[in-house]
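I need the structure of the sequence given here:
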Amino acid sequence: MANDRLIGRSLKTLALLRASAVEFEAAHTEALASVAPRYRNSARNLLHYLSLRQRDIRPLQQDLHSLGLSSIGVAESHVLATLNAVVTCLEALAGQPASEGPAPPADFQTGPLLLRDHARRLFGAMPAARSVRIMVTMPSEAAHDPRLIESLLRSGMDIMRINCAHDGKEAWRRMVGHLRQAEKAVGRSCRVQADLAGPKLRTGALEPAGQIQKLKPRRDALGHTLVPARIWLTPQDAPEPAPEAATATVPLAAARGAWRRGRWLRLKDLRGRRRELRVVAITDRSVLAEVDRTVYLEPGAVLEARDAEGTAGYLHVGELPPLVLPLRLGVGDTLVLTREDTPGRPAGPEPATGALRPAHIHCTLAAAFDRVRPGERVSLDDGKIGGIVRRSGAAAMEIEVTQAPPGGAKLRGEKGINFPDTELGLDALTAKDLDDLREVAGLADLVALSFLRSEHDVGRLQQELRALDAGHLGIVLKIENAAAFRNLPRILLASLNGPPLGVMVARGDLAVEVGFERLSELQEEILWLCEAAHVPVIWATQVLEGLAKGGAPTRAEVSDAVMSSRAECVMLNKGPRIVETVAFLADVLERMSEHHDKRMALLRRLSVSEL
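Take a look at the predicted model:
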């Protein structure tokens, strides 16, 4: 009797959900008309999913679970087919004849197949042993080292990512040229994605504190010298290449006397500390010396060359690289962002009055000073520093730091700035992007659009690509701000009208915009919406970064890599151990392909089950 009531209640709710999905589709007929025929069923399924998620169906899910039926928990790629199947089962349990439901645009077979087909059209053929592709961001050395790209390809790279915010057009051309050679050598194809830089806000340059070079030996935890600092002193006008043993190069402005006889070099460094360097090797123009204590050099410093008989000559230090110190900011400090592009400076006394002047640094986007209002939030350097705008004007804005690590945070030039509460009214395509697009249109298979906010940004990119006769190139939408997430359903519907489409979950900037505490929730919702639209997803930002940069992943990074198997592609950033990281990730993804298909667990035989 209780089951009868449960079945009746569930049938009534499902009938409402199914009818609402059909009505929601009918209400968006105009939007569907602009969708390309090959994506029409995917767009219809997305509308059905949006209709389903407009209600809280958790009570229904509990009821269906208790009846041993599907709880509609993995219905993203085939919503109407799932509702129809559950209704049919309930009708059979109730002893009712099966009713005829609305024809679904995608069923249990065609829904996943559509997603796989769209991923194949965008990313290329699926790798042999895994369903998830691996994208790798190219370091600058990839333009000069073809062996690196071949190693990446052999390790499992499926897509080369060129970040147009770095390097330059000639370097991009060389990278792609090396890739084409590597494809022939390895016998595997690899696609190229070019990420347009977009209108990212950044901090400007900092004022140098002077010309200083620090020479420091490597020590153990107790302060004992393990490896002395080895310094290559060579003429600044005609330098000789440094030997491999050298850890630093110091330019020389002049050399006097019989300095080649020297076996030691004595000096008083910038702090007034007396230091003695032991000469290891000498050429006609240069000296290799080592020291087991820290030395601070400044231009014009004099090194006295000495041998057993006394002073033999002198070496004069030449121009040194400028030392740029970061701004150190703590909670309660004030930071001024300036519209004028003047070098940033730390807090200090005003020369005329002695009053404390707050730290200041340039903000590269002039439009921010016209749009930002007091009370709005600001985040710097990927969320390491957070604050509230207290005063804002045409020339500067004053920020109170409300978030920083204990002991303060260091802010350097070229770091990102986010205003999550501010509508900046920016075009996703900058003048630089349009210029870069003309170059990468002939090199890339995919173009990634950064910092989009609405469907109009996508339309603009499509228009520019068509004007370049590159309308066939795939488009990747980088979801990295709150506006793009809020508008994602509209963006997806409007974008399913042309070339292959993908979405990148740019978790770094997105977390800064929406708050780290909401990132997991939002990345799940993006995955659901894209699966409903049969749009492949790229899982990005700091995947296995500890392994790529330091040689060892953290446990959290390995868990993240496992979670990334729910996407169609995973992006790795550059690092000294990137080849090893690609191989590691490929192994993880191959193993997970036996256990999961999106969110559905695959129950293969477990050897551990034997007692």
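
what sits against Leu67?
3, 6-7, 10, 90, 93 (CB atoms under 8 Å, 6 or more residues apart in numbering). To be clear about C-beta, it is placed using only N, CA and C from the backbone, and glycine gets the same treatment.

from those residues, which has minimum pLDDT?
Of all those, Asn3 carries the smallest pLDDT score, 79.

surely that residue is within a helix?
Yes: membership of Asn3 in a helix is supported by DSSP: H, G, I helix; E, B strand; the rest coil.

any idea how far it is from Pro37?
45 Å (CB to CB, to the nearest Å).

what comes into contact with stretch 578-594?
Contacts for stretch 578-594 (CB under 8 Å, 6+ apart): 127, 129-132, 134, 136, 139, 148, 151-152, 155-157, 543-544, 547-548, 551, 553, 558, 561-562, 564-565, 570, 572, 575, 602, 604.

now, which of those lie within strands?
Among these, the ones falling in strands (DSSP state E) are 134, 136, 570, 572.

rewinding a little: Asn3 and Pro37: which has the busier surroundings?
Neighbours per residue (other CB atoms under 10 Å) separate Asn3 from Pro37, with Asn3 holding more: 12 against 6.

which residues does that one contact?
Contacts of Asn3 by CB under 8 Å, 6+ apart are 67, 93.

just give the number of residues close to Gly442.
Other residues close to Gly442 by other CB under 10 Å number 11.

nope, Leu16 is what I was after
A count of nearby residues for Leu16, using other CB under 10 Å, gives 12.

so where do the helices sit in the stretch 151-300 of the chain?
169-186 (DSSP state H, counting those that start in this stretch).

do the same with the stretch 351-500 of the chain
368-371, 431-440, 455-467, 482-486, 488-495.

so of those, which one's packed in deepest?
Highest mean neighbour count among those (mean count of other CB atoms under 10 Å): helix 488-495, with a mean of 21.

neighbouring contacts of that helix?
By CB under 8 Å, 6+ apart, helix 488-495 touches 28, 31-32, 34-35, 43, 46-47, 50, 452, 454-455, 458-459, 475, 477, 479, 484, 501, 503, 526, 529-530, 533, 535.

adjacent strands (with direction) for the following helix or strand past it?
Counting by DSSP states H and E, the next helix or strand C-terminal to helix 488-495 is strand 501-506. Strand pairing for strand 501-506, determined by DSSP bridges: strand 474-479 (parallel), strand 537-540 (parallel).

could I get these in JSON lines, plus columns for mean pLDDT and distance to Lys169?
Conversion of the strands paired with strand 501-506 to JSON lines gives the following (pLDDT from 0 to 100; distance: least, CB to CB, whole Å):
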{"stretch": "strand 474-479", "mean pLDDT": "96", "distance to Lys169": "20"}
{"stretch": "strand 537-540", "mean pLDDT": "96", "distance to Lys169": "24"}
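
would you turn the ones you listed into JSON lines with distance to Val579 and mean neighbour count?
Putting those into JSON lines (distance: least, CB to CB, whole Å; neighbours: other CB atoms under 10 Å) gives the following:
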{"stretch": "strand 474-479", "distance to Val579": "24", "mean neighbour count": "25"}
{"stretch": "strand 537-540", "distance to Val579": "19", "mean neighbour count": "26"}
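
so, if you compare the ones in strands among the contacts of stretch 578-594, which one comes nearest to Ala441?
Taking CB to CB as the measure, Ala441 sits nearest to Val136 out of those, at 21.5 Å.

quick one, phi psi at whatever residue is furthest in space from the centre of the chain?
In the chain, counting by CA atoms, centre = their mean, Glu309 sits farthest out from the average C-alpha position, at 60.5 Å. Note on Glu309: its backbone torsions stand at phi -90, psi -10 [degrees, to the nearest 10].

ok, now which ones touch Pro217?
Contacts of Pro217 (CB under 8 Å, 6+ apart): 225-229, 291-294.

among the residues you listed, which one lies nearest to Asp382?
Distances from Asp382 to these, taken by CB to CB, are shortest for Thr294, at 31.4 Å.

that closest one and Lys214 touch, don't they?
Yes: applying CB atoms under 8 Å as the test, Thr294 and Lys214 come out as touching, 6.9 Å apart.

which one of the strands paired with strand 501-506 lies closest to Gly300?
strand 537-540 (48.3 Å).

contacts for the closest one, please.
By CB under 8 Å, 6+ apart, strand 537-540 touches 135, 476, 502-508, 526-527, 530-531, 563-564, 566-571.

need the buried ones from the residues you listed selected in ChimeraX.
To isolate the buried ones among those in ChimeraX, judged by 16 or more other CB atoms under 10 Å, type:
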select :135,476,502,503,504,505,506,507,508,526,527,530,531,563,564,566,567,568,569,570,571
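
what secondary structure does the closest residue to Gly156 other than its chain neighbours sit in?
Leaving aside its chain neighbours, Gly156 sits nearest to Ala586 (3.5 Å; criterion: CB to CB, 6 or more residues apart in numbering). Three-state call for Ala586 (three-state DSSP): helix.

same thing with the one 3 residues further on?
Three-state call for Leu589 (three-state DSSP): helix.

and it, what's its pLDDT?
At Leu589, the model reports a pLDDT of 92.

for stretch 145-156, C-alpha coordinates in CSV please.
Listed next in CSV are the C-alpha coordinates belonging to stretch 145-156 (Å, rounded to 0.1, in the frame of the first residue of the first chain):
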residue,chain,number,x,y,z
ASP,A,145,64.0,22.8,-28.5
PRO,A,146,62.3,20.4,-30.9
ARG,A,147,63.3,17.4,-28.7
LEU,A,148,61.1,18.7,-25.9
ILE,A,149,58.0,18.7,-28.1
GLU,A,150,58.8,15.2,-29.5
SER,A,151,59.2,14.0,-25.9
LEU,A,152,55.8,15.5,-24.9
LEU,A,153,54.2,13.9,-27.9
ARG,A,154,55.7,10.5,-27.1
SER,A,155,54.5,10.8,-23.4
GLY,A,156,50.9,11.4,-24.4
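
avg pLDDT for it?
Here the average pLDDT along stretch 145-156 is 96.
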